[in-house]
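Peer 1: how would this look folded up:
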Amino acid sequence: MRQIGVLAVLGAAALGCSGGPVAAVEAAHATLWQRFVGPDGVIRDYQGDLPTPEECAQGRPNAIGWWSPIENGPMFTGLYLPAACERARRSDKPEDKEQARRLADGLMRCASVSDVPGMIARGMGSDGRCHYPLGSDDQTHPWFYGLHAYIRSGLPGEAERARIVAKMREVADVLESTGWQCPCDGAFKGQFRGAYKGHLFRDAVRYLHLLRVMADVTGDAAWLQRYRAALAEKPEKSDKTRAEICAIGYPRDREAIANIDGWQLWIYVGSQGALAQLAALEEDVSVLKLYRTGLMANATNALPSVSAYKQFDNADTQVFGNARWREAYAEWFPQKTQADAKRLSETGNKEVLGARKKYEARFMRNPLAAAALVALAGFREGYGEVACAIGHYDYSKLNMAELFFAECAYYALPAEAGGATGGRNRANGGDK
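Peer 2: Here you go, the predicted model:
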């Protein structure tokens with residue numbers, strides 16, 4: 001496998017890093033596939049017992065599926081798949097190509113287990129089909145993001161590509177019919193959780209990306225027309241168009257979403273990746289300039305958050321009790337509303353849970369997510385710090401699957417010295 005560019009390695013050395021990114025990313029990759037990718041090709045949040053059909057139907061630990069091992073299946077799998085495709089492109093190894101195919105197949109499964117069209121299940125439980133009834137915009141957009149990257153990678157054959165595009169069209173048509181709200185099933189059939197037409201940066205970039213992706217994979221001019229119209233629209237409660245909102249980046253969302261820079265950058269990796277894909281597909285120079293401005297705004301704002309990796313002690317022994325989710329969330333009551341489900345999700349036993357999850361979230365998940373935002377923008381000034389963060393962790397000791405953000409960052413860095421880059425960076429206009 002080709003190593004990352006000399007620029008990043010030299011930058012890391014200048015910063016005095018103790019670990020190198022090349023060996024570290026291989027360790028991260030091995031850990032992810034040994035411990036977190038299920039037989040169904042879907043990434044699980046952590047190692048733990050899967051919920052049973054009865055537990056999914058009853059909503060245990062809660063009907064949203066929060067804190068269960070299958071909480072973020074399509075989100076994590078979709079965010080990771082572009083990195084897996086880039087790894088396969090660089091290595092040209094059959095085993096890397098097969099892993100990318102497994103992930104794509106896992107995403108297809110998430111869209112095929114519900115009796116409600118357009119529902120993307122968070123993941124599957126013990127029987128390989130059961131799932132929680134509440135979907136999410138955070139799960140649905142990465143599903144498109146990952147499959148779009150897979151289709152553009154050249155890895156799927158003609159029949160597989162046709163099957164994936166047909167499913168993407170099916171889901172997108174449903175979302176279009178619901179006003180871009182994400183459907184639920186089971187006891188919450190007819191309800192929605194999350195949408196894409198709001199006024200925040202995350203809303204604007206994801207909505208535009210969904211429309212543009214569908215135009216790209218289907219070749220249908222109607223999707224492109226919707227995309228062009230959406231660019232110029234001002235969402236409700238906004239005095240700016242969606243294109244202008246994209247140029248502001250995630251700082252626009254700070255008032256609405258608390259502690260983005262310290263805790264929540266992980267939910268912006270898909271938005272940054274989507275903005276990079278939009279830039280790769282955009283032919284209008286004025287719009288492309290706005291996209292590149294947003295990419296750099298996100299990168300420069302996220303860069304200071306990367307350094308939090310220095311506060312992570314690989315010898316830390318705090319308890320990760322989340323794997324004992326049945327014991328930690330033993331309280332239960334029937335949930336008739338989504339508010340009930342959220343209230344139930346807040347009943348965890350802190351003594352059982354321990355403090356390790358918050359420790360990893362603050363000093364592993366967020367720094368590596370920040371690193372991904374920097375790398376996806378092609379922000380060269382931050383490459384050294386990104387390489388340092390990737391090389392810092394003993395991945396074999398981590399409990400949370402979000403270690404995959406190390407690969408998201410790594411495979412967005414230049415693949416070779418001299419400014420040559422991987423496919424995504426070339427398209428991103430990362431020339432700073």
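
Peer 1: next, name the residue at the spatial heart of the chain.
Peer 2: residue 79 (3.3 Å; C-alpha atoms, centre = their mean).

Peer 1: quick one: residue 252 and residue 200 touch, right?
Peer 2: Yes. Between residue 252 and residue 200 there is a contact under C-beta atoms under 8 Å: 6.4 Å. C-betas here are computed from N, CA, C, even on glycine.

Peer 1: what does residue 315 show for phi and psi?
Peer 2: Backbone torsions of residue 315, given as degrees, to the nearest 10, read phi -100, psi 0.

Peer 1: pull the number of nearby residues for it.
Peer 2: 6 (other C-beta atoms under 10 Å).

Peer 1: can you give me the pLDDT of it?
Peer 2: Predicted confidence (pLDDT) for residue 315: 98.

Peer 1: coming back round to it: find residues that contact each of residue 252 and residue 200.
Peer 2: residue 245 (C-beta atoms under 8 Å, 6 or more residues apart in numbering).

Peer 1: residues in contact with the nearest residue to residue 365 once chain neighbours are set aside?
Peer 2: Distances taken as C-beta to C-beta, 6 or more residues apart in numbering place residue 402 nearest to residue 365, at 4.2 Å, with adjacent residues excluded. Taking C-beta under 8 Å, 6+ apart, we find residue 402 in contact with 76, 266, 360, 361, 364, 365, 368, 369.

Peer 1: pull out the buried residues from stretch 85-94.
Peer 2: The neighbour-count check on stretch 85-94 (16 or more other C-beta atoms under 10 Å) flags 85, 86, 87, 88, 89, 90 as buried.

Peer 1: repeat for stretch 254-266
Peer 2: For stretch 254-266, a neighbour-count test (16+ other C-beta under 10 Å) marks 260, 261, 263, 264, 265, 266 as buried.

Peer 1: ok, the first one touching residue 252?
Peer 2: No. Proximity of residue 260 to residue 252 does not meet the contact threshold set by C-beta under 8 Å, at 10.2 Å.

Peer 1: show me what the helix or strand encompassing residue 202 is packed up against.
Peer 2: For residue 202, the element it lies in under DSSP states H and E is helix 201-218. On a contact count with 3 or more C-beta pairs under 8 Å, 6 or more residues apart in numbering; DSSP states H and E, helix 201-218 meets helix 137-152, helix 158-177, helix 221-232, helix 242-248, helix 269-281.

Peer 1: could you rerun that using 10 Å?
Peer 2: Judged by 3 or more C-beta pairs under 10 Å, 6 or more residues apart in numbering; DSSP states H and E, helix 201-218 is in contact with helix 137-152, helix 158-177, strand 192-195, helix 221-232, helix 242-248, helix 269-281, helix 285-306.

Peer 1: adding distance to residue 406, mean neighbour count and mean pLDDT, write the ones you listed out as TSV.
Peer 2: Shown next, in TSV, are those (distance: least, C-beta to C-beta, whole Å; neighbours: other C-beta atoms under 10 Å; pLDDT from 0 to 100):
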stretch	distance to residue 406	mean neighbour count	mean pLDDT
helix 137-152	17	26	98
helix 158-177	27	16	98
strand 192-195	27	18	98
helix 221-232	32	16	98
helix 242-248	26	22	98
helix 269-281	12	26	98
helix 285-306	12	20	98
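
Peer 1: what's the first helix or strand after the helix or strand where the residue nearest to the centre of the chain lies?
Peer 2: Assigned by DSSP H and E, residue 79 belongs to helix 73-91. Going down the chain from helix 73-91, the next helix or strand is helix 94-110, by DSSP H and E.

Peer 1: tell me which residues in that next one are buried?
Peer 2: Neighbour counts over helix 94-110 (16+ other C-beta under 10 Å) mark 96-97, 99-104, 106-110 as buried.

Peer 1: what's the most distant pair in those?
Peer 2: 96 and 110 (21.9 Å; C-beta to C-beta).

Peer 1: how many neighbouring residues does the nearest residue to residue 332 once chain neighbours are set aside have?
Peer 2: In space, residue 332 comes closest to residue 60 once its chain neighbours are excluded; the distance is 5.8 Å by C-beta to C-beta, 6+ apart. For residue 60, the count of nearby residues is 21 (other C-beta under 10 Å).

Peer 1: might one say that residue 60 is in contact with residue 132?
Peer 2: Yes. Residue 60 lies in contact with residue 132 (C-beta atoms under 10 Å); the separation is 9.5 Å.

Peer 1: give me the common contacts of the two.
Peer 2: 51, 68 (C-beta atoms under 10 Å, 6 or more residues apart in numbering).

Peer 1: ok, residue 326 - how many residues close by?
Peer 2: Residues near residue 326, counting by other C-beta under 10 Å, number 16.

Peer 1: give me the pLDDT value at it.
Peer 2: Confidence score, pLDDT, at residue 326: 98.

Peer 1: again with residue 415
Peer 2: Residue-level pLDDT assigned to residue 415 equals 81.

Peer 1: any idea how far it is from residue 375?
Peer 2: Between residue 415 and residue 375 the computed distance is 12 Å (C-beta to C-beta, to the nearest Å).

Peer 1: who has more neighbours, these two?
Peer 2: Between residue 415 and residue 375, residue 375 has the larger neighbour count (other C-beta under 10 Å), namely 33 against 21.

Peer 1: which of the helices or strands spans the more buried one?
Peer 2: Per DSSP H and E, residue 375 falls inside helix 366-376.
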